[in-house]
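Engineer: quick one, fold the following:
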Amino acid sequence: MSDGAVLFSTDNEVYFGLNSVGARVWELLPPVCATFDELCTRLSAEYPEVPRHIIETDVKELLSDLSSHKLVAVRAEGQSDQSSATRIPAQAGKA
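Structural biologist: This is a model prediction of the structure:
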């Protein structure tokens, strides 16, 4: 597992730091995991000590933060309140 990552938004020239879990979420974004549920299921398997609702809350918060910096595009899936995200081409580097 990496120590984290640094993303750079070329749109607003902001650096965004990710810890190791945030970097793992980034790695699991589509096309690796197609849905929010699939992403959280993978993380739940990797972090069994963390309750599923905590993972879902934290991932939603991270995706919201990344979206606000235009690093991901979040899309709603059907009628559910769950979402998935697609990486926006940006410069990313390992921390």
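Engineer: please enumerate the helices of this protein.
Structural biologist: According to DSSP state H, the chain carries its helices in the segments 20-28, 36-46, 52-68.
Engineer: just send those back as TSV, with mean pLDDT too.
Structural biologist: What follows is the helices of the chain, written out as TSV (pLDDT from 0 to 100):
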stretch	mean pLDDT
helix 20-28	96
helix 36-46	97
helix 52-68	95
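Engineer: could you export those as CSV, including mean neighbour count and distance to residue 6?
Structural biologist: Just so you know, the C-beta spots here come from the backbone N, C-alpha and C atoms, and that holds for glycine as well. Putting these into CSV (neighbours: other CB atoms under 10 Å; distance: least, CB to CB, whole Å) gives the following:
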stretch, mean neighbour count, distance to residue 6
helix 20-28, 18, 9
helix 36-46, 17, 21
helix 52-68, 16, 13
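Engineer: can you list those in a markdown table and add distance to residue 13?
Structural biologist: What follows is the helices of the chain, written out as a markdown table (distance: least, CB to CB, whole Å):
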| stretch | distance to residue 13 |
| --- | --- |
| helix 20-28 | 19 |
| helix 36-46 | 28 |
| helix 52-68 | 15 |
